[in-house]
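*Asks:* next comes the sequence, and after it the predicted model I'd like to discuss.
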Amino acid sequence: MKRFNWLLLLSLLVFACSDVNTNLLHTVSNGRMLYEEHCANCHQSNGSGLAQLIPPLNRADYLVNYPQQIPCIIKFGMDSAIKVNEQVYHLKMPSNPQLTDKDIYYITQFVLYNFTDSHAIINDSEVALQLKNCGK
């Protein structure tokens, strides 16, 4: 009987983990499509940025240090200078008012998952809360 319970527990754990991975893959896949449509023209498909004009996202210390600011920057843009990997960038980032909170959640997940070593995960309710509090 103990063996049966152990196997049942192990099966449930594997199923739950695979469900989490499936959801993450779905989110990242949606984020990739939105990133390509709304972000890659400037930040490049590989997140390398553009010379000294547009900051890189790939391995950007800013993303690791300030992940909570990503949704607000995506939605509302950025007028001020930003320092990324010891380089200061002054070019204004335009806003994306057409993006929904869910779109921004997908893009944020894609960026964090693909361009940082931490593979940080943020949930959609956190993104909605951050967007609600932008600039406060």
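*Replies:* Structure received.

*Asks:* from now on I want contacts and neighbour counts done on CA atoms only, so please keep to that.
*Replies:* Noted.

*Asks:* quick one, phi/psi of the residue nearest in space to the middle of the chain?
*Replies:* Nearest to the mean C-alpha position of the chain, by C-alpha atoms, centre = their mean, lies residue 108 at 2.2 Å. Phi and psi for residue 108, reported as degrees, to the nearest 10, are phi -60, psi -50.

*Asks:* quick one: residues contacting it.
*Replies:* 31, 70-71, 122 (C-alpha atoms under 8 Å, 6 or more residues apart in numbering).

*Asks:* would you turn these into CSV with pLDDT, neighbour count and distance to residue 130?
*Replies:* Formatted as CSV, the contacts of residue 108 follow (pLDDT from 0 to 100; neighbours: other C-alpha atoms under 10 Å; distance: C-alpha to C-alpha, whole Å):
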residue, pLDDT, neighbour count, distance to residue 130
31, 92, 23, 18
70, 94, 22, 9
71, 96, 25, 7
122, 81, 16, 11
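
*Asks:* alright, calling it a day.
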